[in-house]
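**Q** Whatever this is, show me its structure:
(one chain, ligands or ions: 1)
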Amino acid sequence: MTFHSVVRGCGAYLPSRIVTNHDLAAKMDTSHEWIVERVGIHQRHMAQEGEYTSDLATQAARQALDRAGISPESIDLIVLATTTPDDTFPAAAVTVQQKLGAHNAFAFDVQAVCSGFVYALSVADNFIRSGQVKSALVIGAETMTRLLDFNDRGTAVLFGDGAGALVLQAEEGALQKNDSQRGVLSTHLYSDGRYRDALYVDGGPSRGGAVGYVRMQGREVMKHAVEKIGASVKKALEFHGLTPQDIDWFVPHQANIRIINAVAKHFSLPMERVIITVDQHANTSAASIPLALAVAQADGRILPGQLVVIEAMGGGFTWGSAVIRW
Ligand code: UT7
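**A** Reported below is the predicted structural model:
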């Protein structure tokens, strides 16, 4: 028997504390104008002391489950994309499992930095396609502000904290490449470790114990982001025999408005069909796409049956895209 996965619910959570560019400018050599012009960020949410990635993830997951009308006990799989787990181990996903009471699931984390959500979606979708699980929670959750060096203005202004989650359920039958039925139509994943030094964290359990801080060659990353995201979206559209005009909603990873604008322009996509949250959320790494999906579904933009394309690129480099009939 063949299966495909359908999105049944979408949820999000943002910590209540908001930090504006002006708040940052009061503490470091930067300005609201520079951040808005170069990145498009106005504010970011920051987790409170004692508030961890698993807390954010659990809130987003609860909302997604409520909206799907599914109980935690009926979830078979939890895949949590994060770069900022509560602890080195266990996986934050098992803490979320425990907090939700999703005792019939197996749970693990996926680490692909800003591409993490696309990777996690691909993993869960493939478990469903194989028939091994019937329902899955796919979560992107981060407390990226815990990895920031507030003496480095080139990175400290870019990131925020948050979480988003999707509930996927198995439906019988395989989807055709350009199916009008709802479901995850495809995922395409890529990585290239030769670019490790362009964007990394200078610490970790094996490298000396300290957690470390984000280090980035911003220009280099931006150049590759536009090129690699463009190539992966093109490949996905070609795979389905689709054109950019067929996309109802383009939901990119939210790192920099200039990257998003450049990719949209490359595909002649009007900005009215692009979901933007970078201004309000900043870069929440693996959480940015599910947060954007949740915002655009809650405000009535993304509707069932519409064609949604997501994409991301981040440290590694890792990158990828997914095509979803919502
Ligand atoms: O999600 C993972 C993927 N990450 C990304 O996609 C991030 C990609 N990169 C970027 O978004 C951009 O490269 C940045 C936003 C990080 C930087 O923008 P940029 O246009 O590439 O600026 P730059 O690094 O070339 O810096 C330009 C100037 C420099 O000053 P000088 O040397 O021209 O005097 C920087 O020192 O801007 C200065 N600068 C700042 N000024 C005020 C760098 N950061 C700041 C800051 N405030 N926060």
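**Q** Just confirm Ser180 is within a strand.
**A** No: going by DSSP: H, G, I helix; E, B strand; the rest coil, the assignment for Ser180 is coil, not a strand.
**Q** avg pLDDT for the helix or strand in which Gly140 is found?
**A** Using DSSP states H and E, Gly140 sits within strand 135-143. In this model, strand 135-143 carries a mean pLDDT of 98.
**Q** Alpha carbons of it, as CSV, please.
**A** These are the backbone C-alpha positions of strand 135-143, laid out as CSV (Å, rounded to 0.1, in the frame of the first residue of the first chain):
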residue,chain,number,x,y,z
SER,A,135,0.8,10.8,12.1
ALA,A,136,3.7,13.1,12.8
LEU,A,137,4.6,16.3,14.5
VAL,A,138,7.2,18.3,12.6
ILE,A,139,8.6,21.2,14.7
GLY,A,140,11.1,23.9,14.1
ALA,A,141,12.1,25.6,17.4
GLU,A,142,15.0,27.8,18.4
THR,A,143,16.5,30.0,21.1
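**Q** Identify the neighbouring strands of that strand in the sheet and state each direction.
**A** Using DSSP bridges, strand 135-143 pairs in its sheet with strand 77-81 (parallel), strand 161-172 (antiparallel).
**Q** Identify each buried residue in that strand, please.
**A** Residues 135-143 are the ones in strand 135-143 that count as buried (16 or more other CB atoms under 10 Å). Quick note: C-beta positions are derived from backbone N, CA and C, even for glycine.
**Q** Comparing the strands paired with strand 135-143, which comes out most buried?
**A** Among the strands paired with strand 135-143, ranked by average contacts under mean count of other CB atoms under 10 Å, first place goes to strand 77-81 (a mean of 29).
**Q** Output the strands paired with strand 135-143 in TSV, with mean pLDDT appended to each entry.
**A** Shown next, in TSV, are those (pLDDT from 0 to 100):
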stretch	mean pLDDT
strand 77-81	99
strand 161-172	98
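**Q** how about the ones you listed, which one is nearest Ala231?
**A** Checking those against Ala231 by CB to CB gives strand 77-81 as the closest, at 21.7 Å.
**Q** May I have the phi/psi pair for Pro252?
**A** phi -80, psi 160 (degrees, to the nearest 10).
**Q** which residue ranges form the helices in the stretch 51-200 of the chain?
**A** With DSSP state H, counting those that start in this stretch applied, the stretch 51-200 of the chain shows helices at 53-68, 92-100, 116-129, 153-156, listed in chain order.
**Q** Please give the number of neighbouring residues around Phe3.
**A** Counted with other CB atoms under 10 Å, the neighbours of Phe3 add up to 22.
**Q** Can you tell me the closest non-neighbouring residue to it?
**A** Nearest in space to Phe3, with sequence neighbours left out and distances taken as CB to CB, 6 or more residues apart in numbering, is Ala170 at 4.6 Å.
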